[in-house]
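# sharing a sequence plus its predicted fold:
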Amino acid sequence: VPVFALIDGNNFYVSCERVFDPSLNRVPVIVLSNNDGCAVARSNEVKALGVKMGTPFFEFKHLVKPHNIQVFSSNYTLYGDMSRRLMNVIGQFTWRQEIYSVDESFADFSGLADVRAHALALQHQVRQWVGIPVCVGIGPSKTLAKLANHVAKKQLHPTAGEGVFDFGALSTDARDRLLSEIPVGEVWGIGHRHTASLANLGIATALQLKNADPATLRRRYSVVMERTIRELRGEACMDLEEVTPAKQQIMVSRSFGTLLTEFNEISEALAYYVTHAAEKLRRQASIASALLVFLHTNPFREDQAQRHVSVTVPLIQATDDTRVLFQAAQTGLRRLFRPGFHYHKAGVLLMDLRPSGSRQAVLFDGFDAQRGQRLMQKVDTVNRRVGRGGLRLAAEGIDKRWQLRAERKSRHFTTRWADLPVAYCWVYPC
Ligand SMILES: [Mg+2]
């Protein structure tokens, strides 16, 4: 029987902030989305105050002072690096791992003599080496492992006390009793829409879904629904996906920190987005054959003239060279830009990606592609060492009015020398 585990960081972004500032423990902490828009991570204290995921900042601003809520801008450099560390530690506890999201990983726990002890050891190691709390859910299928994690996190069962819960340790009766207490919407892959339509069929709990007829529900929904039912019954229909498939498209898009009206300012922002997208492209060893640029005014400012446009720019030669991609993006922007609008957001989408080994040379092309490749490699090497943006296009500009609001960002504790935390140690003479 296969045994799957799902390891998930608790309130991950908040936990990352707490690692480097212990005074944040046991006080309410919120992390905001890009541009300080809305809540994307909440500590338990904040959840208890009733602030929901995705609530815009201005809607809970009045709670900040009276409850002493600590508010942070998102620090994705920090969270990304902490995620890498978390995944590394998990990888040492399994021979097969699927990284599912920034703070979630499936692991193969098959064949272990004591699954629970193994999970507790993993949890302890993560706490010690990375500093963040995780819950571990275990079950004979990925769907049950995911649900077990929910049980561990919400403490829905007496054995889940330490943040580890194993469906495999329960008798069939006990398992069914627990499933009957879990709303069907908590099951992996059952979204809001399905929850509503399943309710019409009299299916409101995980147990009712488990006991439903797979063939009927497959006809009504899809094979995915049938698979979910069988997985709830303890049959493993999905295996770990160890290799993340290379992305077919890469998009980088942001709202500006302030509304922009000038071509040059938008072009500077675009240079930054293209740089970011090209880095991702090279990291997965792909080249792009076309690029889409888009430009938007703020749809919520109904008092302002609206413009929402995009254009695709084909590339003569597929490339991963930031400079070539930026030239194409600028060509696109020139076609899209009209003066007299207040622009709010822009982005680039790299399309028609293929492995960089399949690069074709172009006859009579003035640009030396091989030299470009070597240059990009050097840029990536330097930036890996000194941090993103160490070497960048001058086209990004200096003022950066387009830059996101991130007024409450913590430091880059793990990726920038100057931001390393300092520990003081007092030694008292005897
Ligand atoms: Mg999480």
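It's in.
# report the central residue of the protein.
V102 (4.7 Å; C-alpha atoms, centre = their mean).
# low-confidence regions, this protein specifically.
244-245, 359-367, 429-430 (pLDDT under 70).
# quick check: longest helix of this structure.
helix 263-283 (DSSP state H).
# I'd like the next helix or strand past it.
Reading on from helix 263-283 to the C-terminus, the next helix or strand found by DSSP states H and E is strand 286-297.
# angle of that following strand against helix 263-283?
Angle, strand 286-297 to helix 263-283, by axes from the mean of the first three to the mean of the last three C-alpha atoms, to 10 degrees: 150 degrees.
# start the count at 23 instead of 1 going forward.
Sure thing, new numbering starts at 23, so read that last one as strand 308-319.
# tell me the strands beside the helix or strand just after strand 308-319, with direction?
The C-terminal neighbour of strand 308-319 among helices and strands, as given by DSSP H and E, is strand 330-341. Strand 330-341 sits in its sheet next to strand 308-319 (antiparallel), going by DSSP bridges.
# contacts only, for the residue nearest to the centre of the chain.
F34, Y101, G102, S105 (C-beta atoms under 8 Å, 6 or more residues apart in numbering). C-beta coordinates here come from the backbone N, C-alpha and C atoms, glycine included.
# and those residues, which two are furthest apart?
Greatest spacing in the contacts of V124, by C-beta to C-beta: F34 and G102 (11.2 Å).
# the more surrounded of these two?
When F34 and G102 are compared for neighbours, F34 comes out ahead with 22 against 13, by other C-beta atoms under 10 Å.
# quick one: the more buried one from the ion, how far?
Distance of F34 to the ion, given as C-beta to the ion, to the nearest Å: 5 Å.
# now that residue, nearest residue through space, not along the chain?
Of all residues not flanking F34 in the chain, D125 sits nearest, at 3.7 Å (C-beta to C-beta, 6 or more residues apart in numbering).
# what's in contact with the helix or strand that Q230 is a member of?
Q230 belongs to helix 228-232 when assigned by DSSP H and E. The contact list for helix 228-232 (C-beta under 8 Å, 6+ apart) reads 169, 198, 201-202, 204-206, 208-209, 212, 220, 224-225, 250-251, 254-255.
# how far does it sit from its chain's centre?
29 Å (C-alpha atoms, centre = their mean, to the nearest Å).
# and if you look at stretch 152-167?
The chain centre lies 18 Å from the centre of stretch 152-167; the measure is C-alpha atoms, centre = their mean.
# from the opening residue of that stretch to its closing one, how far?
23 Å (C-alpha to C-alpha, to the nearest Å).
# so what does the strand or helix carrying V41 touch, helix or strand wise?
Element membership for V41 (DSSP H and E) is helix 34-42. For helix 34-42, the packing partners by 3 or more C-beta pairs under 8 Å, 6 or more residues apart in numbering; DSSP states H and E come out as strand 51-54, strand 61-64, helix 98-113.
# now it - C-alpha only, PDB.
Output of helix 34-42 as PDB, limited to C-alpha atoms (Å, rounded to 0.1, in the frame of the first residue of the first chain):
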ATOM      1  CA  PHE A  34       3.800  30.300   5.600                       C
ATOM      2  CA  TYR A  35       4.600  34.000   4.900                       C
ATOM      3  CA  VAL A  36       3.800  35.000   8.400                       C
ATOM      4  CA  SER A  37       6.000  32.200   9.800                       C
ATOM      5  CA  CYS A  38       8.900  33.400   7.500                       C
ATOM      6  CA  GLU A  39       8.600  36.900   9.000                       C
ATOM      7  CA  ARG A  40       8.500  35.400  12.600                       C
ATOM      8  CA  VAL A  41      11.700  33.400  12.100                       C
ATOM      9  CA  PHE A  42      13.700  36.700  11.900                       C
END
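# pull the CA atoms of the longest helix of the chain into CSV?
This file holds the C-alpha atoms of helix 285-305, laid out as CSV (Å, rounded to 0.1, in the frame of the first residue of the first chain):
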residue,chain,number,x,y,z
PHE,A,285,5.9,56.4,-22.4
ASN,A,286,9.3,56.4,-20.9
GLU,A,287,8.1,55.4,-17.4
ILE,A,288,6.0,52.5,-18.7
SER,A,289,9.0,51.4,-20.8
GLU,A,290,11.2,51.4,-17.7
ALA,A,291,8.7,49.2,-15.9
LEU,A,292,8.5,46.9,-18.9
ALA,A,293,12.3,46.6,-18.9
TYR,A,294,12.1,45.2,-15.4
TYR,A,295,9.2,42.8,-16.2
VAL,A,296,11.0,41.5,-19.3
THR,A,297,14.2,41.0,-17.2
HIS,A,298,12.3,39.0,-14.7
ALA,A,299,10.5,36.9,-17.3
ALA,A,300,13.8,36.3,-19.2
GLU,A,301,15.4,35.0,-16.0
LYS,A,302,12.6,32.5,-15.5
LEU,A,303,12.9,31.5,-19.2
ARG,A,304,16.7,30.8,-18.9
ARG,A,305,16.2,29.0,-15.6
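# all good on my end, thank you.
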